[in-house]
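Visitor: missing the sequence, but the structure's below:
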Ligand code: SF4
């Protein structure tokens, strides 16, 4: 069952300057992104910083308004709504409950003046989950236990907890309203390495238990591989490759994906043969992105056409899409042979 479909999504942020704050340019954070989320499935989004992966998560939960494109939400009754247009009040409330987000920095995401009880009770009360406050408090205690903390912690304040514990509290708050989709934006990158795997395992356990879907955003290929059923690789606001997790890691098609894998020490032995594509320098600025394939300034395989024409995504294997002229030529050649 589908929960969300993103089509041709664009998000541009204006750059303003001068006394009257005129718009003098645009940061093109998302450019024509497509994405489907099915019930119970984890989609990993990977790419270097500035590729647009966090903007994508924030645009889906409506922190940002999209510049163009559509985000269709399939409600629990099977009705379909485009959330980029105004939603009826009841549908808006259902969407806000159904789609929750866990942010990167657990130090910023919890209000320091509120007790843990009040932090977790906030969405529960907003969505009127319980008529009885005592029952709601017992539910909060159960949630804390579920995320590996003690119910007594409900009386404490965020500053009394470590980063890993705070992220557990943020997760408890997010799952308190039983969302069908949880968007995790780099949920482990601000944590000690020793704590990261605990949070990953917690999210996996919760997903198994509740069958919620996850969008897992990370720059860490290892983590994304272990979490995801499907992975999309982003670069300068574009989706360059999208495939089932095992297919992407067994047969990465796009030169950028290959370079990402060759750059990770733990993947190096497996992908040494791909070492010819090295990630050197920084990605170009999204204020002034290059024409054609966004990866062409760093790609050792670039063809004449690459700096002029943005490649279309082609299916190189079932459900495995890749946007690269070279790969498209190879695929067409193989199909003819
Ligand atoms: Fe390299 Fe061209 Fe493929 Fe882009 S389209 S990744 S520049 S070969």
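Guide: Good, I have the coordinates. Given the structure is predicted, the values throughout are model-derived calculations rather than measurements.
Visitor: which helix is the longest one in this structure?
Guide: helix 193-210 (DSSP state H).
Visitor: in the stretch 51-200 of the chain, which spans are helices?
Guide: Counting by DSSP state H, counting those that start in this stretch, the stretch 51-200 of the chain has helices at residues 53-60, 89-98, 116-126, 133-146, 163-175, 193-210.
Visitor: so can I have CSV of these showing mean neighbour count, mean pLDDT and distance to the ligand?
Guide: Any C-beta I mention is one placed from the backbone N, CA and C, and that applies to glycine too. Below are those laid out as CSV (neighbours: other Cβ atoms under 10 Å; pLDDT from 0 to 100; distance: least, Cβ to the nearest ligand atom, whole Å):
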stretch, mean neighbour count, mean pLDDT, distance to the ligand
helix 53-60, 24, 96, 19
helix 89-98, 16, 93, 36
helix 116-126, 19, 96, 43
helix 133-146, 15, 96, 44
helix 163-175, 23, 94, 36
helix 193-210, 15, 91, 30
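Visitor: report the closest residue of the stretch 101-250 of the chain relative to the ligand.
Guide: residue 240 (7.3 Å; Cβ to the nearest ligand atom).
Visitor: how about that residue, what does it touch?
Guide: Residue 240 is in contact with 233, 234, 254, 256, 257, 294, 295, 322, 323, 324, counting by Cβ atoms under 8 Å, 6 or more residues apart in numbering.
Visitor: my read is the fifth one is in a strand, agree?
Guide: No: the secondary structure assignment for residue 257 gives helix rather than a strand, going by DSSP: H, G, I helix; E, B strand; the rest coil.
Visitor: can you count the residues close to the closest residue to the ligand within the stretch 1-150 of the chain?
Guide: Across the stretch 1-150 of the chain, no residue is closer to the ligand than residue 47, which sits at 13.9 Å (Cβ to the nearest ligand atom). Residues lying near residue 47 (other Cβ atoms under 10 Å) number 26.
Visitor: returning to that earlier point: what's the longest helix of the chain packed up against?
Guide: Applying 3 or more Cβ pairs under 8 Å, 6 or more residues apart in numbering; DSSP states H and E, we find helix 193-210 packed against helix 163-175, strand 181-185, strand 213-218, helix 221-227.
Visitor: what is the mean pLDDT for the following helix or strand past the last one?
Guide: Translated: helix 221-227. Toward the C-terminus, helix 221-227 is succeeded by strand 230-235 as the next helix or strand (DSSP states H and E). Mean pLDDT, strand 230-235: 96.
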